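> this one's structure only:
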């Protein structure tokens, strides 16, 4: 038997799959809305010229070297495409895109100050409204400026939002129209000021109650805003707590989970450092990977008899954890001397070091 031990104090907070999923803003966007990454960089300097603050290569804007905060790309440069990372780490606050641009790469990556993107009204591929970049028919948001402040109402007609609000720390509230059919799994991740989500009652896929996002039938809690604080009681209609639903909310202090809930999803309470109490009801059958990762305020956890599956690192880095117990009637897990085993104690799963709150999670081969 081979036992692989992983000390959670030295582990990354993301597995490879999640890290791959959580890339930065969308890649190259063309008029047919196909998303892909395009690398406009090259060591080959042939065809590169600099006109003013703009570095151009064969009709592609490949770089911006200026210090202006309000940038207007001149129409007479006849730019057809804007390459990746053009404005990255620059002081740019606003960018005006001219008529002839057909393709826009991941040019605003790491632009934390940008508040507005505008597009020439005669551009056949892109449009803008209220400083937000859209495809021409306004059915998809291409880029929402990370420095844009205050509330935002997504225009009706937008179908796909994806994860384009992720990391928008100054967004305070958002209204989702009836037309939206797709929100990304981490659509509002990192929106630390977001306190409320509203959904048009005509939306067939989503709804919101008390500023919290749910599936339309309210059986799945999808997102609890990171700017919402205090205690919260999950409605009795909910059967599953979704992917990272409460993650990153440091102001959440207590969650009451009803006995309708059967599943606590991947990273559901990841990083909820203010959470000091959560009672897992005897209806929950699965606790996902990293479900309570870094919930440093948790002092005790009790696993009920109903639980059949506990994901890896579910309680990793819960440094305040002093007591971890399993109901004696649980048919899958057992505790002995501060160690978590399978029921017949042939597989060692987790050990809680006395007085430290740290844990080793073990894979048995």
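Arrived safely. Just so we're clear, the structure is a prediction, and the values are computed from it rather than from any experiment.
> domain ranges for the chain?
With automatic domain parsing as the criterion, the domains of the chain are listed as 1-22+163-365, 25-148.
> Please state the offset of the first one from the chain centre?
Chain-centre distance of domain 1-22+163-365: 14 Å, with Cα atoms, centre = their mean, to the nearest Å.
> lowest confidence element among the helices and strands of this structure?
Lowest by mean pLDDT, DSSP states H and E among the helices and strands of the chain is strand 3-7, with a mean of 31.
> tally of neighbours for residue 150?
Neighbour count for residue 150, taken as other Cβ atoms under 10 Å: 9. All C-beta atoms are positioned from the backbone trio N, CA, C, and that covers glycine.
> from memory it sits against residue 174, does it?
No - in this structure residue 150 lies outside contact range of residue 174 using Cβ atoms under 8 Å: 10.4 Å.
> in stretch 75-93, what counts as buried?
Using 16 or more other Cβ atoms under 10 Å as the test for burial, stretch 75-93 gives 79, 81, 82, 83, 84, 85, 86, 87, 88, 90, 92, 93.
> can I get the residues you listed in JSON lines with secondary structure, pLDDT and distance to residue 285?
As requested, those are exported to JSON lines (DSSP: H, G, I helix; E, B strand; the rest coil; pLDDT from 0 to 100; distance: Cβ to Cβ, whole Å):
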{"residue": "79", "secondary structure": "coil", "pLDDT": "96", "distance to residue 285": "56"}
{"residue": "81", "secondary structure": "strand", "pLDDT": "98", "distance to residue 285": "51"}
{"residue": "82", "secondary structure": "strand", "pLDDT": "97", "distance to residue 285": "49"}
{"residue": "83", "secondary structure": "coil", "pLDDT": "96", "distance to residue 285": "49"}
{"residue": "84", "secondary structure": "coil", "pLDDT": "96", "distance to residue 285": "44"}
{"residue": "85", "secondary structure": "coil", "pLDDT": "96", "distance to residue 285": "45"}
{"residue": "86", "secondary structure": "coil", "pLDDT": "96", "distance to residue 285": "49"}
{"residue": "87", "secondary structure": "coil", "pLDDT": "96", "distance to residue 285": "48"}
{"residue": "88", "secondary structure": "coil", "pLDDT": "93", "distance to residue 285": "45"}
{"residue": "90", "secondary structure": "coil", "pLDDT": "91", "distance to residue 285": "50"}
{"residue": "92", "secondary structure": "coil", "pLDDT": "96", "distance to residue 285": "50"}
{"residue": "93", "secondary structure": "coil", "pLDDT": "97", "distance to residue 285": "50"}
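> Determine which two of these are furthest apart.
The span of the buried residues of stretch 75-93, defined through Cβ to Cβ, is set by 81 and 93 at 22.8 Å.
> Point me to the helix or strand that includes the closest residue in space to residue 223 that isn't next to it in sequence.
Using Cβ to Cβ, 6 or more residues apart in numbering and skipping residues adjacent in sequence, the residue nearest residue 223 is residue 213, 4.2 Å away. Under the criterion of DSSP states H and E, residue 213 resides in strand 212-215.
> now swap in residue 221 and tell me
strand 220-223.
> Which elements pack onto that strand?
strand 212-215, strand 240-241 (3 or more Cβ pairs under 8 Å, 6 or more residues apart in numbering; DSSP states H and E).
> ok, and what's touching the longest one?
Surrounding strand 212-215, the residues in contact under the criterion Cβ atoms under 8 Å, 6 or more residues apart in numbering are 183, 197, 199, 205-208, 220-225, 228, 232, 235, 238.
> ok, now with 10 Å
With Cβ atoms under 10 Å, 6 or more residues apart in numbering as the test, strand 212-215 has contacts from 174, 176, 183, 187-188, 196-199, 205-208, 220-225, 228, 232, 234-235, 237-240, 242, 245-246.
> low-scoring stretches of the stretch 251-365 of the chain, by residue?
For the stretch 251-365 of the chain, the stretches with pLDDT under 70 are 351-365.
> Let's see that with 90 instead.
Low-confidence segments of the stretch 251-365 of the chain (pLDDT under 90): 277-278, 299-300, 312-313, 316-317, 319-324, 335-340, 345-365.
> quick one: the strands in it?
Secondary structure of the stretch 251-365 of the chain (DSSP state E, counting those that start in this stretch): strands at 252-256, 263-264, 277-279, 286-287, 300-303, 309-310, 323-326, 333-336, 339-342, 348-352, 359-364.
> The fourth one pairs with which strands, parallel or anti?
Sheet pairing here is set by DSSP bridges, and for strand 286-287 it gives strand 263-264 (parallel), strand 309-310 (parallel).
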